[in-house]
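In: show me how the following folds:
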Amino acid sequence: MIAKVITLLLVLATATYAAPGKSYDFIVVGAGASGCVIADKLSESGKHNVLALEAGGPSQRDLGGTDFVASSLYYDSKGVLQVGVPYTRYDVPVFTLTTWFDPTPTPLYPIRSDTGITNSFAVKMLGGSQSHNAMGWMRGTLSTFNTWKIPGFNASEALKYYVMSENVTGTMYNGLFPAYHGRSGKTQIVHANYNASAGIKFFQACARAGYKYINDIHGPEPRIGCGNNVYNLRNGVRDTTAMSHLKDALKRSNLELRLWTSVNKIIFNGTQAIGVEVKDSFGRTSQILAKKEVILTAGALHSPKILMLSGVGSTSDLAKFKIKSVYNNPLVGKTLRNHHYCNAEWQYKAADQLPFYSTPQFSLEYAISGTGPWATPEINLATLWVKSNESIPETDIYVSINSGGNPHTMNIMLATTIPDMVGYVALTSSDPNEPMKVNIDPMGFPSDIRRLKVALSHARRLLGNATDDFGAEITPGNKGDASDEAWIRSSCGVQGHWMGTTRMATKSSDGVVDPNFKVYGVTGVRVADSSFFPGPVSGQMQSTVIAWAHKASEVILAAYP
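Out: Now for the predicted structure:
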């Protein structure tokens, strides 16, 4: 406890209080995956004074919080916190935040929805979603970016920034395709170091079922078949950009971090951004000035919210809340996207079931070396990527094997990567404390239900070729097509992969930001998080967010030589 208090005090000492009225060259709003990279890069030369604002508090131990890999705490459909068995002794709830001075789990940003969204989230802590995700480092397939049709955001550019961001260590990939992997980036990338037998059996079943083994899921080969999962881990602890970028950058005198500080709105002089209005943890409101730019990296639910509260959005919608319009753009908050997921369940009869590691040797191994089963995120073992339709150019669904809820089951996760699902976010009030309305219906597109049915059929094909250690299907139970669809509609939801709400476009009539991340219609504001994605990303989010954050940093710095 004493060590934790000392660490928190050190972080708070570094997180300098930004005095009201003080000015900075750049204000970065949101210290998540993207914001930490941009704050690091903009302050690197020492030429620019940078302020990073974070609405939440510290997260990992080295940042004043608690180290963890994952947790099984979650909110049920009624919004009640349910407590399961934590996967590690360094437990910070996945959907909540606890601190040493307040051990009671408290909700993160609430999500208000008319479409029944449950168990999804937006994060309010240093490191953002990286501080409690499953650490899956699944890049988008490179061909996806060609479909964006945005200059500077094609496959070759995506590969360039993926490589720039990564530090692939040791013998990972055994030297295959070196041009596709970085070894000098700041985010450490590894395979799971615990080779559970269930994962080996998964690959054996893949081979018997006729699926190809993918040697390198981020190489030039098409990502079709079975492959090893990849994670951002350093010595058994999640390697967020708050750790890999921001922690050391805060030693610079020209970079300041302010925690527990939420941004109410951007302050405009006409259409020129001149700063932000903030509220601290004591409820005090003040203004902080930006001499050059305000950069929004608050995530796909909150970056559009800040724009709308600032007067950038649909003039008619803003008038309902008596918000003065700065620039009319009805596309702010539209084209919200996400990925589906649901967990089927199979019997598993082997003695090596994974969630129950309350044995001294596993505790000691993780404490000393950061290895073993506790250093394997969510005990996520392996993945099968497939197409839902052979006529499409790339895979749009995947099937992953995960630890089950008891010693005799295995969860099989079904997920989409390029769904048709689309929705929007909207203000519910002019009060910045009120949550956004999130309107997206996971079951609103028959094409997505069909995708999940196809994913389920591949799970059955694969496990039908598994050893006797895998037994009968428990859920949904293989009771016919109608039963499968009913289960999908009642059990499948969305992940924390929000994107697209300030979409990038080459014309202001088609989007919110231009190819230089600048917000159309105003000056001095950019958006550089997953909000700008003009289409879905065929992978998990963090690797792509971080890659494009590197590009955004270069673009911004080039404007101020």
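
In: only C-alpha atoms for contact and neighbour calcs from this point on.
Out: Noted.

In: lowest-pLDDT helix or strand in this structure?
Out: Taking mean pLDDT, DSSP states H and E as the measure, strand 96-99 is the helix or strand of the chain with the lowest mean score, a mean of 30.

In: touching stretch 308-318 from outside, list them.
Out: 264-268, 307, 323-332, 427, 430, 432 (CA atoms under 8 Å, 6 or more residues apart in numbering).

In: which among those residues end up buried?
Out: Buried members of the contacts of stretch 308-318, counted by 16 or more other CA atoms under 10 Å: 264-268, 307, 323, 325-332, 427, 430, 432.

In: filter the contacts of stretch 308-318 down to just the ones in strands.
Out: Per DSSP state E, strands hold the following members of the contacts of stretch 308-318: 264, 265, 266, 267, 268, 327, 328.

In: check contacts around the fourth one.
Out: Remark: with contacts taken as CA under 8 Å, 6+ apart, residue 267 is in contact with 273, 274, 275, 276, 277, 310.

In: and residue 280, how many neighbours?
Out: Per other CA atoms under 10 Å, the neighbour tally for residue 280 reads 15.

In: excluding its backbone neighbours, what's nearest it?
Out: residue 261 (4.5 Å; CA to CA, 6 or more residues apart in numbering).

In: now swap in residue 37 and tell me
Out: Per CA to CA, 6+ apart, closest to residue 37 is residue 245, 5.9 Å.

In: any idea of the pLDDT on that neighbour?
Out: If you check residue 245, the pLDDT there is 97.

In: quick one: it is in a strand?
Out: No - going by DSSP: H, G, I helix; E, B strand; the rest coil, the assignment for residue 245 is helix, not a strand.

In: my guess is it meets residue 186, correct?
Out: Yes - in this structure, residue 245 is within contact of residue 186 by CA atoms under 8 Å, at 6.8 Å.

In: and residue 419, what does it touch?
Out: 338, 339, 340, 396, 447, 448, 536.

In: distance check, it against residue 245.
Out: 32 Å (CA to CA, to the nearest Å).

In: same check, this time on residue 268
Out: From residue 268 to residue 245 the distance is 30 Å (CA to CA).

In: and if you look at residue 489?
Out: 41 Å.

In: which one's more surrounded, the two?
Out: residue 245 (21 against 16).

In: which residues in this protein form helices?
Out: Counting by DSSP state H, the chain has helices at residues 2-14, 33-43, 142-146, 155-165, 197-209, 241, 247-249, 303-309, 315-319, 360-369, 446-463, 481-491, 542-558.

In: near residue 179, how many residues? Count them for me, please.
Out: For residue 179, using other CA under 10 Å, the count is 12.

In: give me the pLDDT for it.
Out: Reported pLDDT for residue 179: 93.

In: now swap in residue 93 and tell me
Out: Value for residue 93, per-residue pLDDT: 28.

In: try residue 492
Out: Residue 492 is given a pLDDT of 89.

In: ok, it - contacts?
Out: Residue 492 neighbours (CA under 8 Å, 6+ apart): 340, 341, 342, 343, 442.

In: how about those in TSV, adding pLDDT?
Out: Shown next, in TSV, are the contacts of residue 492 (pLDDT from 0 to 100):
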residue	pLDDT
340	93
341	91
342	92
343	91
442	88
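
In: leaving out sequence neighbours, find the closest residue to the spatially most distant residue from the centre of the chain.
Out: Distance from the C-alpha centroid of the chain, by CA atoms, centre = their mean, peaks at residue 468 (36.2 Å). Distances taken as CA to CA, 6+ apart put residue 349 closest to residue 468, at 7.8 Å, once the chain neighbours are dropped.

In: for that neighbour, phi and psi?
Out: Backbone torsions for residue 349, taken as degrees, to the nearest 10, come to phi -100, psi -10.

In: surely it is in contact with residue 472?
Out: No - the criterion here is CA under 8 Å, and residue 349 misses it with residue 472 at 10.1 Å.

In: quick one: mean pLDDT for stretch 319-334?
Out: 98.

In: outside of that stretch, which residues touch it?
Out: Contact with stretch 319-334 is made by 268, 270-271, 301, 304-305, 307-315, 318, 423-426, 429-430, 500-502, 510-512, 521-522, as judged by CA under 8 Å, 6+ apart.

In: all the strands of the stretch 251-400 of the chain, in order from the start?
Out: 255-258, 262-269, 272-279, 285-296, 312-313, 327-328, 340-348, 382-386, 397-403 (DSSP state E, counting those that start in this stretch).

In: export these to a markdown table and tack on distance to residue 177?
Out: As requested, the strands of the stretch 251-400 of the chain are exported to a markdown table (distance: least, CA to CA, whole Å):
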| stretch | distance to residue 177 |
| --- | --- |
| strand 255-258 | 37 |
| strand 262-269 | 43 |
| strand 272-279 | 45 |
| strand 285-296 | 35 |
| strand 312-313 | 45 |
| strand 327-328 | 47 |
| strand 340-348 | 31 |
| strand 382-386 | 20 |
| strand 397-403 | 23 |
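
In: quick one on the thing from earlier: list the contacts of the residue nearest to residue 280.
Out: 53, 54, 55, 56, 278, 279, 280, 281.

In: hang on, the earlier thing: quick one: which of the ones in strands among the contacts of stretch 308-318 is nearest to residue 463?
Out: For the ones in strands among the contacts of stretch 308-318, the closest approach to residue 463 (CA to CA) belongs to residue 264, at 50.7 Å.

In: any idea how far that closest one is from residue 159?
Out: 36 Å.

In: same check, this time on residue 460
Out: 34 Å.

In: tell me the pLDDT of residue 13.
Out: So residue 13 comes in at 43 (pLDDT).

In: swap in residue 170?
Out: 69.

In: out of the strands of the stretch 251-400 of the chain, which is closest to residue 23?
Out: Nearest to residue 23, of the strands of the stretch 251-400 of the chain and by CA to CA, is strand 285-296 at 4.4 Å.

In: elements contacting the closest one?
Out: strand 23-29, strand 272-279, strand 525-527 (3 or more CA pairs under 8 Å, 6 or more residues apart in numbering; DSSP states H and E).
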